[in-house]
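S.K.: The amino acid sequence is not available; the structure is as follows:
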């Protein structure tokens, strides 16, 4: 009998397990443990002396570009941001080390979520070789120690499939809702003002913004804004007012990002450059 070994550049993913997604205990376990992986404080205002909000946004944008360029698993970027925020909440860090820290966070998240993790050498290349592989590996141990090796963090992406299964979505729209929700989650990860919100709230708010943006309430009144917010709050055991405020904040962040993109595209950039979205994945077909 012959043994064939097939190699491909495409990554084959396992199909979602309906037994896990339909079991309420799994969702409840995620809701119970998610607070354990939140930053301990609003660190930029209270803890960090050199790092400013715009620096965090810049390095988050760089992290997203790296993950997009390498076509990393969609969980890598939000997980890396989780590591970044949790580390900065417990360790004073000089701004000159921020990109090194960001590279380490991508390195660790890629190891946990990608079947083909990014190498230290490749990540150093993305910093224009401003750091060395030995520095990255040394800082890897520092980050692991400060996070107490609690690396399997709960992130908003973990809730997406659970929520989708519990919403009355048209089957032909599920893929689009999933795509837009993951886009909004990535967008939330770049904004420090949303860093302290629980992952379930980010996931619910992003799902609500995606469904409302796609105007799916025409097919089912249960998907109208107020009805949808009530349903999402019930699914994730969230207060309705808090979830509504989170969704509105996500929509404001999205609108600001699209305005910034439009301003950037209105200058002397070429058409090819204009077609490259500056937001996490392409959200230009979302209506607000």
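M.R.: Right, received. Where do you want to start? Predicted model, so just to flag it, every value in this text is computed and none were measured.
S.K.: which residues sit against stretch 81-91?
M.R.: Stretch 81-91 has contacts (CB atoms under 8 Å, 6 or more residues apart in numbering) with 37-41, 43-44, 47-48, 51, 56, 59-60, 63, 93, 101-102, 104-105, 108-109, 143, 146-147, 151, 153, 155, 189-190, 195. Backbone N, C-alpha and C define where each C-beta goes, glycine included.
S.K.: and what of stretch 111-129?
M.R.: 11, 62, 66, 69-70, 72-73, 75-76, 79, 99-100, 103, 106-107, 110, 131-133, 136-137, 151-152.
S.K.: mean confidence score for that stretch?
M.R.: The average pLDDT within stretch 111-129 is 91.
S.K.: Give the buried residues for it.
M.R.: Neighbour counts using 16 or more other CB atoms under 10 Å place 112-114, 117-118, 120, 123-124, 126-127 of stretch 111-129 among the buried residues.
S.K.: Measure how far stretch 43-51 is from the centre of its chain, please.
M.R.: 22 Å (CA atoms, centre = their mean, to the nearest Å).
S.K.: Between the two ends of that stretch, what distance do you get?
M.R.: End-to-end span of stretch 43-51 (CA to CA, to the nearest Å): 9 Å.
S.K.: Tell me where the model's unsure across the stretch 151-288 of the chain.
M.R.: 264-288 (pLDDT under 70).
S.K.: follow-up on the earlier one: just put the buried residues of stretch 111-129 in CSV and tack on distance to residue 25 and secondary structure.
M.R.: Putting these into CSV (distance: CB to CB, whole Å; DSSP: H, G, I helix; E, B strand; the rest coil) gives the following:
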residue, distance to residue 25, secondary structure
112, 23, helix
113, 23, helix
114, 28, coil
117, 31, coil
118, 34, coil
120, 39, helix
123, 38, helix
124, 43, helix
126, 40, helix
127, 43, coil
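S.K.: And those, which is closest to residue 206?
M.R.: residue 113 (18.7 Å; CB to CB).
S.K.: Which helix or strand lies directly C-terminal to the helix or strand where residue 136 lies?
M.R.: Per DSSP states H and E, residue 136 falls inside helix 133-146. Sequence-wise, the next helix or strand downstream of helix 133-146 (DSSP H and E) is helix 157-165.
S.K.: which residues touch that following helix?
M.R.: 16, 21-22, 26-27, 30, 74-75, 78, 174, 177-178, 181-182, 185, 199-200, 203-204, 207, 232, 235-236.
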